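# Have a look at this prediction, sequence included:
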Amino acid sequence: MEANLPGFIGCSAGYAEAHAVLFGAPFDSTTSFRPGTRFAPSAVRNESFGIETYSPYQDRDLEDIAVFDAGDLELPFGNACAALRITEEAASGILDDGKTPCLIGGEHLVTLGSVRACAKKYPDMRLIQFDAHADLRGDYMGEKLSHASVIRRCWELLGDGRIYQFGIRSGSREEMAWSHGHTKMEKFRAESISAAAEEIGSAPVYITLDLDVTDPSEFPGTGTPEAGGLRFAELLDALLVLRGLNVKAFDICELSPHYDSSGVSTAFACKILREMLLAYIR
């Protein structure tokens, strides 16, 4: 007999031959409202067999690309610093081997670990964020390492004008004011995504997708649902606009599968992950 370990559908390449590495960061210790994102990576893998490997949107198949599913990192719950260090080390190793890190969160804070690794390797990197929330707080309840402050921590690495934010429809007055001159934010929608892609050009890019950017009528399975979000078609169109960019890494995060007993939100996440893999991995 051979071990039958569940991986994301179509991601069955060996590490040596893979162009990309899928790995999970099941961490949600700074979640400020409803926890549960730690269960997302395993749920996405298990439910991925409900979709096809072929994308009719892109006329590409996961069997056309080489992706290795490394499973989940072992992260110490309650220790954000250690979780970020482990995530950064994993992403750094993948990058050093000439492969693309593809991270499944977990809460949005885990993005910081992967961004740290990418920023070290690509100092001129740009960050594209899809999110309902600005995540630009200096701290949340005195804690600087929080899912509510993750993009502010990323800004400290990247600097002004290198972070593009789309779909933002929630944040404090201070966050929104601070964004002016520091990030490039489009509230509510992602209609300026083509202009952003043109502006970014050939620069290295990290894409972070907080799935709560989606309207909760289509994606209720998240800890922080926010009305007025993007529809599936709008989100997919925006992600596909970025196909020609120099994408060095990406993540999806903030699925809390047990808040949607129908399984629709997890299926949504699986389909979006498939499209991102096919769009950004060559």
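Yep, it's here. Numbering: from 1, shown residues only.
# what sits against residue 138?
144, 149, 152 (C-beta atoms under 8 Å, 6 or more residues apart in numbering). All C-beta atoms are positioned from the backbone trio N, CA, C, and that covers glycine.
# contacting residues for residue 25?
Counting by C-beta under 8 Å, 6+ apart, residue 25 has contacts 41, 72, 73, 75, 83, 87, 103, 104, 105, 106, 110, 113.
# Can you select the buried ones among the residues you listed for me in PyMOL?
Restricted to buried positions by 16 or more other C-beta atoms under 10 Å, the PyMOL selection for the contacts of residue 25 reads:
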select buried, resi 41+72+73+75+83+87+103+104+105+106+110+113
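# Show only the entries of the contacts of residue 25 found in helices.
41, 83, 87, 110, 113 (DSSP state H).
# Select only the buried ones of the contacts of residue 138 in ChimeraX?
Entered in ChimeraX, the line below selects the buried ones among the contacts of residue 138, by 16+ other C-beta under 10 Å:
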select :149,152
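# which one of the contacts of residue 138 sits closest to residue 266?
For the contacts of residue 138, the closest approach to residue 266 (C-beta to C-beta) belongs to residue 149, at 27.0 Å.
# Does the closest one touch residue 141 like I think?
No. The criterion here is C-beta atoms under 8 Å, and residue 149 misses it with residue 141 at 10.2 Å.
# before we move on, the earlier item: output the ones in helices among the contacts of residue 25 as CSV; include the columns pLDDT and distance to residue 50.
Compiled in CSV, the ones in helices among the contacts of residue 25 are given as follows (pLDDT from 0 to 100; distance: C-beta to C-beta, whole Å):
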residue, pLDDT, distance to residue 50
41, 98, 16
83, 97, 29
87, 98, 28
110, 97, 25
113, 98, 29
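# any idea which of those is closest to residue 193?
residue 110 (24.0 Å).
# For that closest one, give me its contacts.
Neighbours of residue 110 in contact, by C-beta under 8 Å, 6+ apart: 25, 27, 83, 84, 87, 103, 251, 253.
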